[in-house]
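Visitor: Compute the structure for the input listed below.
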Amino acid sequence: MAQIDIHFATVYIEDGYAGPGGAPKVNNVAGYPSGTSTMLVTGFTGVIATGDQVKVGVDPTVYTITAHVETTGNTTSITFTPPTVPTTIANNTAITVLPHRLEIKIGEGTVGFDEKRKIVYTLNRGIIDSVRQGDQEPMDVKFDIIWEHLKASTGDPPTIEDALKKRGAASSWVSAAADPCEVYAVNITIENIPPCTSEDYETIVLPYFRWESINHDLKNATLAVTGKCNALEALVTRIPAA
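Guide: Numbers count the residues shown, from 1 in each chain. Down below sits the predicted model:
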């Protein structure tokens with residue numbers, strides 16, 4: 001069981017939303033200085049939505065779109081908050097549209113996941129003869145979540161159970177699974193940002209998670225969620241510190 005120290009991590013439930021499409025990037029030869037809140041962009045195929053969230057290059061800051069301008073049906077300028085953090089942002093820096101996401105509060109304990117494989121040992125007259133790998137097995141995932149409400153009121157952000165079950169305020173969320181006919185799935189993303197600024201950031205994605213049990217503890221206001229990911233292992237990315 002891999003264990004994550006949640007004291008330095010932020011945990012999100014995310015859907016499969018990817019924005020209007022294309023390969024968006026900064027479109028200004030001179031680049032942009034720190035404190036910028038409007039950028040010319042290129043590469044969008046369609047219109048980004050107000051309220052969408054993006055990242056710029058390797059900067060871990062999440063920027064929320066507050067306005068946008070289109071040319072012939074494609075977004076060519078974005079305004080966002082907060083203003084940019086890096087000293088400079090170069091021309092052609094990639095822009096990533098983030099999925100719909102809900103930051104979750106983890107209770108006492110850790111997020112845990114099991115990566116498994118089955119090894120089959122073949123005997124010859126009672127003696128080990130050969131070894132082969134058996135059928136693949138999905139990852140098991142378990143985490144404890146602090147909750148305030150189980151269902152959102154109209155107009156409020158989705159609750160944790162809304163996001164896991166694609167209901168209510170999360171009814172428009174997009175499944176993380178590529179096949180829309182499969183059972184609805186989300187990604188669990190853990191962003192580990194160590195307190196020492198010289199250390200690399202690390203992002204861990206537990207992809208295509210589907211819950212199987214949610215145990216409610218009303219006294220402690222926690223949900224113990226277990227389920228499986230339709231994947232063999234976690235997706236881990238190291239990002240150099242800014």
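
Visitor: And the chain, what are its domain boundaries?
Guide: Annotated domains of the chain cover 2-16+102-239, 22-97 [automatic domain parsing].

Visitor: What average pLDDT does the longest one get?
Guide: Taken as a whole, domain 2-16+102-239 has a mean pLDDT of 88.

Visitor: now the last one
Guide: Per-residue pLDDT over domain 22-97 has a mean of 94.

Visitor: For burial, what's the neighbour tally of C181?
Guide: When neighbours are defined as other C-beta atoms under 10 Å, C181 has 6 of them. The C-beta positions use only the backbone N, C-alpha and C, and glycine is treated the same way.

Visitor: now do A94
Guide: A94 has 13 neighbouring residues, counting by other C-beta under 10 Å.

Visitor: surely it meets A23?
Guide: Yes: using C-beta atoms under 8 Å, A94 is in contact with A23, at 7.4 Å.

Visitor: Which of the three states applies to the residue nearest the centre of the chain?
Guide: A centroid search over the chain (C-alpha atoms, centre = their mean) returns T189, at 4.0 Å, as the residue closest to the centre. Secondary structure, DSSP: H, G, I helix; E, B strand; the rest coil: T189 is strand.

Visitor: Likewise for E182?
Guide: coil.

Visitor: Give me the distance between it and I48.
Guide: 27 Å (C-beta to C-beta, to the nearest Å).

Visitor: the more surrounded of the two?
Guide: Per other C-beta under 10 Å, whichever of E182 and I48 has more neighbours is I48, with 21 against 13.

Visitor: on that earlier part again, could you check how far the closest residue to the residue nearest to the centre of the chain other than its chain neighbours is from L206?
Guide: Among residues not flanking T189 along the chain, Y12 sits closest, at 4.6 Å (C-beta to C-beta, 6 or more residues apart in numbering). Distance from Y12 to L206, counting by C-beta to C-beta: 11 Å.

Visitor: for N192, same thing?
Guide: When N192 is compared with L206 (using C-beta to C-beta), they lie 13 Å apart.

Visitor: Give the residues shared as contacts by those two.
Guide: Overlap of the contact sets of N192 and L206 (by C-beta atoms under 8 Å, 6 or more residues apart in numbering) is empty.

Visitor: neighbour count winner among these two?
Guide: Neighbour comparison, N192 and L206: the larger count goes to L206, with 23 against 19 (by other C-beta under 10 Å).

Visitor: Can you verify that one is assigned to a strand?
Guide: Yes: according to three-state DSSP, L206 belongs to a strand.

Visitor: Quick check, it in contact with D140.
Guide: No: applying C-beta under 8 Å as the test, L206 and D140 come out as separate, 10.1 Å apart.

Visitor: Tell me the residues that contact both of these two, please.
Guide: Residues touching both L206 and D140 (C-beta under 8 Å, 6+ apart) are F113.
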